[in-house]
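In: Here is a sequence with its predicted model. Questions after.
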Amino acid sequence: MLRARDAMDRAYGQPLDVPALARIAHVSPAHFARVFRATFGETPHRYLQRRRVERAMFLLRESDRSVTEICFDVGFGSPGTFSRTFRDIVGTSPRDYRKQAVAAGVPTCFTMAWTRPSGP
């Protein structure tokens, strides 16, 4: 399970599905989905979405790249899906988040901990 989670953390921008992640963990897809949820408290799909949104939050704060560019860079297939998922997890749209967010002069690890989404 840790290998699969690490793969999601490293390659969040790549297309990853449950069968591919199950192969990394050396288990069947159904077993992988059950055990991942029991171990980490969320489905593999939701974990990957949250990881992508966390990276998008960083890029929205720290860069001037467009929301659409960020959407595709973090692995979402469409701006609509990205905006809907971002709003579900963070509670605001990517554009509104960018307006409200201020780049902090502290190490990234602290910023990530402070701004980590705790969505459903």
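Out: Cool, the structure landed.
In: buried sites along the top helix by length along the chain?
Out: Identified as the longest helix of the chain according to DSSP state H is helix 44-62. Buried positions in helix 44-62, judged by neighbour count with 16 or more other CB atoms under 10 Å: 44, 46-61. All C-beta spots, glycine's among them, are computed from the backbone N, C-alpha and C.
In: Just the mean pLDDT for the helix or strand following it, thanks.
Out: Sequence order places helix 67-73 as the next helix or strand after helix 44-62, per DSSP states H and E. Helix 67-73 shows a mean pLDDT of 97.
In: From the contact counts, what lies against helix 67-73?
Out: Under the contact definition 3 or more CB pairs under 8 Å, 6 or more residues apart in numbering; DSSP states H and E, helix 67-73 sits against helix 44-62, helix 79-90, helix 94-100.
In: just checking, what packs against the last one?
Out: Using 3+ CB pairs under 8 Å, 6+ apart as the contact definition, the elements that helix 94-100 packs against are helix 44-62, helix 67-73, helix 79-90.
In: Just put those in JSON lines and tack on distance to Q14.
Out: Compiled in JSON lines, the helices and strands packed on helix 94-100 are given as follows (distance: least, CB to CB, whole Å):
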{"stretch": "helix 44-62", "distance to Q14": "10"}
{"stretch": "helix 67-73", "distance to Q14": "11"}
{"stretch": "helix 79-90", "distance to Q14": "16"}
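In: now the residue lying closest to M1 once chain neighbours are set aside: how far from D88?
Out: Leaving aside its sequence neighbours, M1 sits nearest to T39 (CB to CB, 6 or more residues apart in numbering; 5.1 Å). Per CB to CB, to the nearest Å, T39 is found 23 Å from D88.
In: Cool, thanks, signing off.
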